[in-house]
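> Compute the structure for the input listed below.
(chains A and B)
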Protein chains: 2
Amino acid sequence: MALLDELKTIVGAAHVLVDTDTAKYDHDWTGKYQATPIAVVRPCSTEEVSAVVKACAATKTPIVPVSGNTSLAGGTYGKDAVMVSMERMNDIREIRPDARIAIVGAGAVLSSIHEAADAHDLVFPLTFGAKGSAMIGGALSTNAGGSNVVKYGSTRGLCLGLEVVLPDGQIMNLMSELHKDNSGYDLKNLMIGAEGTLGFITSAVLKLFPKPRAYATAMVAVREMGDALTLLNDLQEATGGLVEAFEYMDALYISDHLDMYPKARAPFEDRHEINIMVEIGATAPNLTDLRDDGTLPLTELLENTLGAMLEDGRVLDASVAQNEAQRREMWERREAAGEVMLIRKPMINNDICVPVDKVATFFERIDEQLAEHDPGSLHTSVSHLGDGNIHFLLFPTKDDPAHIDRLTELVEDVTLGLGGSFSAEHGIGLTKKPSMARRKDRVALSVMHAVKAAIDPDNIMNPGKVLPQVN
Amino acid sequence: MALLDELKTIVGAAHVLVDTDTAKYDHDWTGKYQATPIAVVRPCSTEEVSAVVKACAATKTPIVPVSGNTSLAGGTYGKDAVMVSMERMNDIREIRPDARIAIVGAGAVLSSIHEAADAHDLVFPLTFGAKGSAMIGGALSTNAGGSNVVKYGSTRGLCLGLEVVLPDGQIMNLMSELHKDNSGYDLKNLMIGAEGTLGFITSAVLKLFPKPRAYATAMVAVREMGDALTLLNDLQEATGGLVEAFEYMDALYISDHLDMYPKARAPFEDRHEINIMVEIGATAPNLTDLRDDGTLPLTELLENTLGAMLEDGRVLDASVAQNEAQRREMWERREAAGEVMLIRKPMINNDICVPVDKVATFFERIDEQLAEHDPGSLHTSVSHLGDGNIHFLLFPTKDDPAHIDRLTELVEDVTLGLGGSFSAEHGIGLTKKPSMARRKDRVALSVMHAVKAAIDPDNIMNPGKVLPQVN
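Take a look at the predicted model:
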């Protein structure tokens, strides 16, 4: 095949994988989507990516970008496509501590960026369970969220600049290192979250932040969901906005986690419905310098807020991490969600968001609806509660497509009825396209199609993802 | 004229202004751009805006959105156009304190949003000198910056959702109240900063923040520009990121301000080259509760950091506001920049941004270049130093277009040589189009043109702004 020969000329024969050599790439992390691509190409530079895209564009061959392949929405399904892997473009090109920026290749693994920043006493705050394999290119393309959005904002906000290879192979340089740069349309944010359908992110300028000198982390059981929002707001006020993570896990998640990890410890002696992992962090010495009696002012702030709510009965139990090992244990329990939540079938995986003041109502209404429409169903949730982002996994009693569709729509009805979104941080990919078709504003959808057609007229960049056909 | 009749039917005859009645709208704030529009239309609802746009689109009549008309870049120049004023769509529709959001019409004046938030002990942190007349629609369309970006991020980051009337009159509903909403392309950020060339912002959902219970504000003279960055970073570390504003004013600005406002006081007894206004703010009681001896822990944090730098000679003088009146005096000095800086002619008004660690180098290089190319020229700067955003006003010795162009390019050369941008927060409008043509990445420009053509194929929305013709 002439195209394959051309690709070999560009990246070297060793980096054009075909047939069984593509096994690592032919399925997504969830196992739901499986397809052998035409080839997997592994370029090592932006110029190689550009040449690869030009070769594919000349033959109108679909291109699917792939980085860590940890999409939860089928974003890298590569049937009849050339998959272009970012794995060799993993350089951490520059860390500039005074300017607090990192310049990285799209293939840089999240945890390697974390380590590079840490060496300068800085943090890159984007983090989630798959951080050991997810790469920044995919994270940006998905606008992946994670656990620290409540403190540091969305992935969009963490990225100052991008380099992008367009569907015609041209290289677009948006590698701004600036906090203010009003020079025309915001193409950076157009590319972030486009899931590779408008172009191919090859490099990025990322914002870094001072590394907290100390953390205080706790597991907290609260009486009602409304009390969780009170806890969050009280803590934000008492600490001046130092909440780094505010994560909810329900009782079923806690017990499923213990089933899967028998050596793990339960967070509390008793079973509680509403379990919150909260972490606050600080850089300021007045909070992080140990007192003569060995206590940490930061921990005291957390304990005081928890103490007040324990006294009035809104907090049922609380356990503050006494050392780094206990803190890690709390984080590992939360970050196991990717494994723990997928053990039952059939399953409806909802990555939804509602306004933070509507989370309690969401759960009330969902339970009412399920009592009527599938009283035997189970559900489990973990949630980035500080953002209103709920991973709501519903296990229906019947593995019947019509029933599953009905329940999916029911979850969407409740979510959108509260001003929420059917997609929060995992992206649309293939999985959420029916929801996009049903729920997204029609005018917005038509503008998206117009933008796609303008930038990728031959529809070769990750075709079939994100945008549903609508009339 | 048939169009005028149709517009009168839509909004009422009293709200279609022509001839001398358009005087308030026929020039911009700087006085540089002047043109009588076909008419000024003042709709009172999104539906009326939609009908007005449809009527204009049917006749391919250019439309120029106008809100507070405080653009510094000619963004509302309305020659041969129907200007559509947002002034009647100024409702503050909803403040939701628990969710920390405000829902407002595009015509809401910034200071009225500030007041509405304040009533709930919250702040909407976007602020700049023109806050008493600038409206949120224009601020969003320009992605205007201001003094609090260092703490709360850009205007983009302060907006959760938008309603937009498209060039064909369709209403696009992006009124998300969510912190995470990955449902397709980021059309919200595409509209923010597009200066009305892609559509017409009619409503917005804004983020609110807890109002600091206390501020500590100071004027500080430092020895060198590099010491200013040290001061900023030391303060951020000591306070855990509580710096609300970090504003630079040079010696010429200070004396020009005193000339214009003879009743104002000088910030220091001596004249200093580098004058910084710094403000920190806190919500946390451990910093904001007065001690028994009447001292405020927050003020002490500021004084300690300043004291250490006074001792080692990097801070030359410092004056901490002792009461709200002194604090207001400091802010008024800074916010007078819009008036104070425009008194000399000829003038080259540069709104530029460089990486924060390159500000000192910028001034060194500029002075070297000017010593060579216009040794008699003056310049004055105020700067949002925490963002690297410099308002650098250059007063050449000759009012000669070729000389002015040469110096403009010289400033751009120095700026872009440091990885900076020729446009930071004022937008492109008409003023910066030549810079866009010269300096913006060619590929990015071509994508912007493709997006514009896709969304506004007849080029009726604020035509001639932002995008230069390029080959």
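
> Quickly check: the helix ranked longest in chain A near chain B or not.
Longest helix in chain A, counting residues (DSSP state H): helix A:401-417. No. Helix A:401-417 is not in contact with chain B by Cβ under 8 Å from any Cβ of the partner chain; minimum separation 10.3 Å. (Each C-beta comes from the backbone N, C-alpha and C, glycine too.)

> what's the answer for stretch A:311-318, then?
No. Stretch A:311-318 stays clear of chain B (Cβ under 8 Å from any Cβ), getting no nearer than 15.5 Å.

> Show the end-to-end separation of that stretch, please.
End-to-end span of stretch A:311-318 (Cα to Cα, to the nearest Å): 12 Å.

> ok, and for it, which residues are buried?
Residues A:R314, A:V315, A:L316, A:D317, A:A318 are the ones in stretch A:311-318 that count as buried (16 or more other Cβ atoms under 10 Å in any protein chain shown).

> element containing A:A204, please.
In the assignment (DSSP states H and E), A:A204 maps to strand A:200-207.

> May I see the buried residues of stretch A:254-270?
In stretch A:254-270, counting by 16+ other Cβ under 10 Å, buried: A:I254, A:D256, A:H257, A:L258, A:P267, A:F268.

> In those, find the pair that's most separated.
A:D256 and A:F268 (15.8 Å; Cβ to Cβ).

> Can you get me a residue count around A:M175?
Residues lying near A:M175 (other Cβ atoms under 10 Å in any protein chain shown) number 17.

> nearest to A:K433, of the buried residues of stretch A:254-270?
The closest of the buried residues of stretch A:254-270 to A:K433 turns out to be A:D256 (Cβ to Cβ; 28.8 Å).

> Would you confirm that the closest one belongs to a strand?
No. The assignment for A:D256, made by DSSP: H, G, I helix; E, B strand; the rest coil, is helix rather than a strand.

> Leaving out chain neighbours, which residue sits closest to it?
Residue nearest to A:D256 in three dimensions, not counting chain neighbours: A:V340, with 5.1 Å by Cβ to Cβ, 6 or more residues apart in numbering or on different chains.

> Surely the one you found and A:Y253 touch.
Yes. With contact defined as Cβ atoms under 8 Å, A:V340 counts as touching A:Y253 (6.5 Å).

> Quick one: residues contacting the closest residue to A:R42 other than its chain neighbours.
Nearest in space to A:R42, with sequence neighbours left out and distances taken as Cβ to Cβ, 6+ apart, is A:H15 at 4.1 Å. Taking Cβ atoms under 8 Å, 6 or more residues apart in numbering or on different chains, we find A:H15 in contact with A:V41, A:R42, A:P43, A:C44, A:R88.

> let's go with 10 Å and repeat that
Contacts for A:H15 (Cβ atoms under 10 Å, 6 or more residues apart in numbering or on different chains) come out as A:L7, A:K8, A:A39, A:V40, A:V41, A:R42, A:P43, A:C44, A:E48, A:S85, A:E87, A:R88.

> before we move on, what SS does the last one have?
When classified by three-state DSSP, A:R88 comes out as coil.

> again with the one 5 residues further on
In terms of secondary structure, A:R93 is strand; the call rests on three-state DSSP.

> measure the closest residue in space to it that isn't next to it in sequence to B:R314 for me?
Spatially, and ignoring its direct neighbours in sequence, A:R93 is nearest to A:I103 (4.5 Å; Cβ to Cβ, 6+ apart). For A:I103, the distance to B:R314 (Cβ to Cβ, to the nearest Å) stands at 30 Å.

> mind listing what A:D28 touches?
Applying Cβ under 10 Å, 6+ apart, the residues near A:D28 are A:34-35, A:66, A:69-78, A:429-431.

> got the phi/psi numbers for it?
Main-chain torsions, A:D28, degrees, to the nearest 10: phi -90, psi 180.

> Ok, A:E368 next?
The phi and psi values for A:E368, taken as degrees, to the nearest 10, are phi -60, psi -50.

> Tell me how far it lies from chain B.
The spacing between A:E368 and chain B, counted by Cβ to the nearest Cβ, to the nearest Å, is 22 Å.

> do A:H120 as well
Taken as Cβ to the nearest Cβ, the span from A:H120 to chain B is 13 Å.

> Check A:T30 too.
17 Å.

> and if you look at A:S67?
As judged by Cβ to the nearest Cβ, A:S67 and chain B stand 17 Å apart.

> okay, that residue: pLDDT?
For A:S67, the pLDDT comes out at 91.

> what secondary structure does the closest residue to A:F392 other than its chain neighbours sit in?
Distances taken as Cβ to Cβ, 6+ apart place A:N350 nearest to A:F392, at 4.3 Å, with adjacent residues excluded. Of the three states, A:N350 takes strand under three-state DSSP.

> And A:D317, by the same measure?
Three-state call for A:D317 (three-state DSSP): strand.

> For it, name its beta-bridge partners.
Going by DSSP bridges, A:D317 is paired in beta bridges with A:A221.

> Tell me how many other residues surround A:T431.
A:T431: 23 neighbours (other Cβ under 10 Å).

> Just to check, it is in contact with A:K32?
Yes. If you go by Cβ atoms under 10 Å, A:T431 and A:K32 touch, sitting 7.6 Å apart.

> Return every residue with contacts to both of these two.
A:L72, A:A73, A:G74, A:Y77, A:N349.

> Which two of those residues have the greatest separation?
Maximum distance among the shared contacts of A:T431 and A:K32 (Cβ to Cβ): 16.0 Å, for A:Y77 and A:N349.

> returning to what we had before: anything in contact with each of A:V340 and A:Y253?
The contact sets of A:V340 and A:Y253 overlap at A:R333, A:R334, A:T380, A:V382, A:L393 (Cβ under 10 Å, 6+ apart).

> Columns secondary structure on top of these, output as JSON lines?
Output for the shared contacts of A:V340 and A:Y253, formatted as JSON lines (three-state DSSP):
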{"residue": "A:R333", "secondary structure": "helix"}
{"residue": "A:R334", "secondary structure": "helix"}
{"residue": "A:T380", "secondary structure": "strand"}
{"residue": "A:V382", "secondary structure": "strand"}
{"residue": "A:L393", "secondary structure": "strand"}
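
> Who wins on neighbours among those?
Using other Cβ under 10 Å as the neighbour criterion, A:V382 leads these with 27 neighbours.

> Surely it and A:R334 touch.
Yes. Using Cβ under 10 Å, A:V382 is in contact with A:R334, at 6.9 Å.

> Report the set of residues contacting both of those two.
Common contact partners of A:V382 and A:R334 (Cβ under 10 Å, 6+ apart): A:E247, A:Y248, A:M249, A:Y253, A:H257, A:N275, A:M277, A:V340.

> which is the next helix or strand following the helix or strand hosting the fourth one?
Here A:Y253 sits within helix A:251-260, counting by DSSP H and E. Going down the chain from helix A:251-260, the next helix or strand is strand A:274-282, by DSSP H and E.

> How is chain A divided into domains?
Domain assignment for chain A by automatic domain parsing gives A:2-85, A:92-210, A:214-338, A:344-432.

> residues contacting the residue nearest the centre of chain A?
The centroid of chain A falls nearest to A:A144 when counting by Cα atoms, centre = their mean (3.1 Å). With contact taken as Cβ under 10 Å, 6+ apart, A:A144 is in contact with A:70-72, A:110, A:126-128, A:130, A:134, A:136, A:138, A:154-155, A:193, A:425-427, B:180, B:182.
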